[in-house]
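>>> return a 3D structure for these sequence lines:
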Amino acid sequence: MDMITSCVDYFFANLYPTQPILHRQKVGETIGLMDTNIEAYCLVVSLCAYMMIQPNMMLPHGAFVGLEVPPQSSLQLGHVLLQEAIRVRKGYEYIESPTVWTVITSFFFFGIYFCLDKQNTAWFHLREATTLSQIMGLHDEASYIMPDFIESSRRRRLYWLLFVTERAYALQQHRPLTLHATINMPTLDEDPAETMEVNGFLHLVNLFRPFDDTFVGLWNKAKNGCTTQWLAELQQQLSDALPAYLQCTESQAVDLRCSQQWLRTMVWQLSISHGFLSSAAAENAMSFKFPIEISRDLVASVGQFSQAAMEVHGIGLIEKLFDVACTLTDVMSCVPMENTFEYGPRDYLSQLMSLISTLRGGQQRYIPLLLTKINDTMPSMPTLGYALPAVPGSSRLEDIYGGSQTNSSAPTSGESSPFCSPPLSSASARAFGFPDMARPPIPTSFPSVISTGMSYSDLTVSAPMQMYQDPTMHGYPGPRAPTKYETG
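Model (predicted):
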């Protein structure tokens, strides 16, 4: 029970703002049914496994008292609990008459396998969750008419969370969509105590709504026919999607700002794969150098977030940073750069590398890939502290993002990594010591990110109502008034 309580507390303290699908009192009731209800048991066990593997929470002393397993790391125990939940669930017929517990359990399985980089299994459980939600009728507005308002609101949030997750995963792994915007959005007056959390969640849904069957079909090369104007309008829509002042928690602000810049990168990639970019484009979003602006905005934005607020998002956040860094690397290798004393693309790439290296999982898994990417495309660029064999660089930018799928930006079920980077299996598994890149400190600060080697267990979530100042998102490092995030 100590272990379960710790995991539930950790979920509501850290992941609930971006995944507001549970209710604390109802979770307590579910825990009370674990001995007599298989679905309740699987939900709670999968939640604990998810907390130990995705954000890799640290177990308190005494958490192993009464357990039938010896003391071990949270990651190891997460694997044990995952296998337990899967084992028990196999003995129960949950498909014919699914419940909300069924759908959430499948979603937790997806999150776990995504973090473990078992993408085929992850996609299976995500499709399982979306299919079960449709069996339940969560895509039908009429299904939300029920006397229990809390149950109705959490079901609605669950549908929209699956909606956002499926779209993000479709872009990352070139998968098709199953869910559409067929029900009403949550409202800010659902719970006066959660106004900021719901507000941040609504911003996240609105960020991903434009990425519908049309975009995903074009992205997956299943459809033809898009125009420069349509892509330019989509870029403008993304730029305007978030207000200057976000009323949300810090962890939500991390997800929103990083997702916004990542989505701008995805649209830019689709633009170049269709040959719509030009060095003389009237709109900056349709130029070859646009990823430099994206990287600038991303670096400026994440500079004010704590490491704890970023690490609760797990590998998903690092992959977005990695995608942006790889795209910037391609641009730097193909587009002539001006030599100035001002901050520029190399500085943004250095800051992204420093950030990725300090986030849990980035040092071992993504830094070797990014270094290989840099070495492949820019053999002459110094990467202090690393010695990788030089290979011929890439040719034209259009060749990188156009043509066949094997040369496109997408990984294919773990066989290749984004943006022509090497597959994960070919990357060195050893941990690299990451140097300071010999760059002057960026005008914004990376509190607790590019600092001493503080472990995640030493970090705590910031106090309620703390204000976070974000550097300018335009004209970096210009004098515009700072943006503030209000956390609750």
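
>>> nearest residue to T377 in space, please, no chain neighbours.
Taking C-beta to C-beta, 6 or more residues apart in numbering, and ignoring the residues beside it in sequence, T377 has S333 as its nearest neighbour in space, at 3.8 Å. The C-beta positions use only the backbone N, C-alpha and C, and glycine is treated the same way.

>>> actually V331, not the one I typed
Closest residue to V331 in three dimensions, ignoring its sequence neighbours and counting by C-beta to C-beta, 6+ apart: P291, at 4.8 Å.

>>> give the contact list for that neighbour.
The contact partners of P291, by C-beta atoms under 8 Å, 6 or more residues apart in numbering, come to 265, 268, 324, 327-328, 330-331.

>>> and the gap between E141 and L369?
As judged by C-beta to C-beta, to the nearest Å, E141 and L369 stand 43 Å apart.

>>> for L246, give me phi and psi.
Taking degrees, to the nearest 10, you get phi -100, psi 120 for the backbone angles of L246.

>>> whoops, F107 was the one
phi -70, psi -40.

>>> OK, contacts around the closest residue to it other than its chain neighbours?
In space, F107 comes closest to A129 once its chain neighbours are excluded; the distance is 4.6 Å by C-beta to C-beta, 6+ apart. If a contact means C-beta under 8 Å, 6+ apart, then A129 has 103-104, 106-107, 110, 162 as its contacts.

>>> so what are the domain limits for this structure?
Taking automatic domain parsing as the domain assignment, the record places the domains of the chain at 2-184, 193-486.

>>> pLDDT averaged over the last one - what is it?
Spelled out, it's domain 193-486. Domain 193-486 shows an average pLDDT of 72 in the prediction.

>>> just the first one next, same as before
The predicted model gives domain 2-184 an average pLDDT of 94.

>>> and it, how far out from the chain middle?
Taking C-alpha atoms, centre = their mean, to the nearest Å, one finds domain 2-184 lying 17 Å from the centre of the chain it belongs to.

>>> tally of neighbours for Q76?
A total of 14 residues lie near Q76 under the criterion other C-beta atoms under 10 Å.

>>> do you know how far it is from A49?
As defined by C-beta to C-beta, Q76 lies at a distance of 11 Å from A49.

>>> cool, and F201?
F201 sits 24 Å away from A49, taking C-beta to C-beta as the criterion.

>>> R360 now?
Computed with C-beta to C-beta, the distance linking R360 and A49 is 17 Å.

>>> need the nearest residue in space to L82, chain neighbours excluded.
A49 (4.3 Å).

>>> check which helix or strand that neighbour maps to.
Take DSSP states H and E as the rule and A49 turns out to sit in helix 38-53.

>>> quick one: buried residues of the following helix or strand past that helix?
On the C-terminal side of helix 38-53, the nearest following helix or strand under DSSP H and E is helix 74-90. In terms of neighbour count (16 or more other C-beta atoms under 10 Å), helix 74-90 has its buried residues at 74, 77-82, 84-86, 89.

>>> what's next to helix 74-90, contact-wise?
Residues from elsewhere that reach helix 74-90 (C-beta under 8 Å, 6+ apart): 3, 38, 41-42, 45-46, 48-53, 56-59, 69, 72, 105, 109, 112.

>>> ditto for stretch 167-183
Contacts made with stretch 167-183 from outside it, assessed by C-beta under 8 Å, 6+ apart, are listed as 114, 119, 122-123, 126-127, 130-131, 133-134, 138-141, 144, 156, 159, 162-163, 166, 208-209, 211-213, 216, 219-220, 222, 259, 263, 266, 316, 319, 405, 410-413, 418.

>>> could you list which of those residues belong to helices?
By the criterion of DSSP state H, membership of those in helices covers 114, 119, 122-123, 126-127, 130-131, 133-134, 156, 159, 162-163, 166, 208, 213, 216, 219, 259, 263, 266, 316, 319.

>>> drop anything exposed from the residues you listed.
The buried subset of the ones in helices among the contacts of stretch 167-183 (16+ other C-beta under 10 Å) comprises 114, 119, 122-123, 126-127, 130-131, 133-134, 156, 159, 162-163, 166, 208, 216, 219, 259, 263, 266, 316, 319.

>>> buried set for the helix or strand where S152 lies?
Take DSSP H and E as the rule and S152 turns out to sit in helix 149-173. Applying a neighbour-count criterion of 16+ other C-beta under 10 Å, one finds 153-173 buried in helix 149-173.

>>> that helix to helix 119-135, inter-axis angle?
Orientation note: helix 149-173 sits at an angle of 140 degrees relative to helix 119-135 (axes from the mean of the first three to the mean of the last three C-alpha atoms, to 10 degrees).

>>> any idea how far V205 is from S143?
According to C-beta to C-beta, S143 and V205 sit 18 Å apart.

>>> just C226 next, same as before
23 Å.

>>> could you do F305 as well?
Distance, F305 to V205, using C-beta to C-beta: 21 Å.

>>> Q261 too?
Spatial separation of Q261 from V205 under the definition C-beta to C-beta is 18 Å.

>>> comparing these two, which residue is more hemmed in?
Comparing Q261 with V205 by neighbour count (other C-beta under 10 Å), the higher total belongs to Q261, at 26 against 17.
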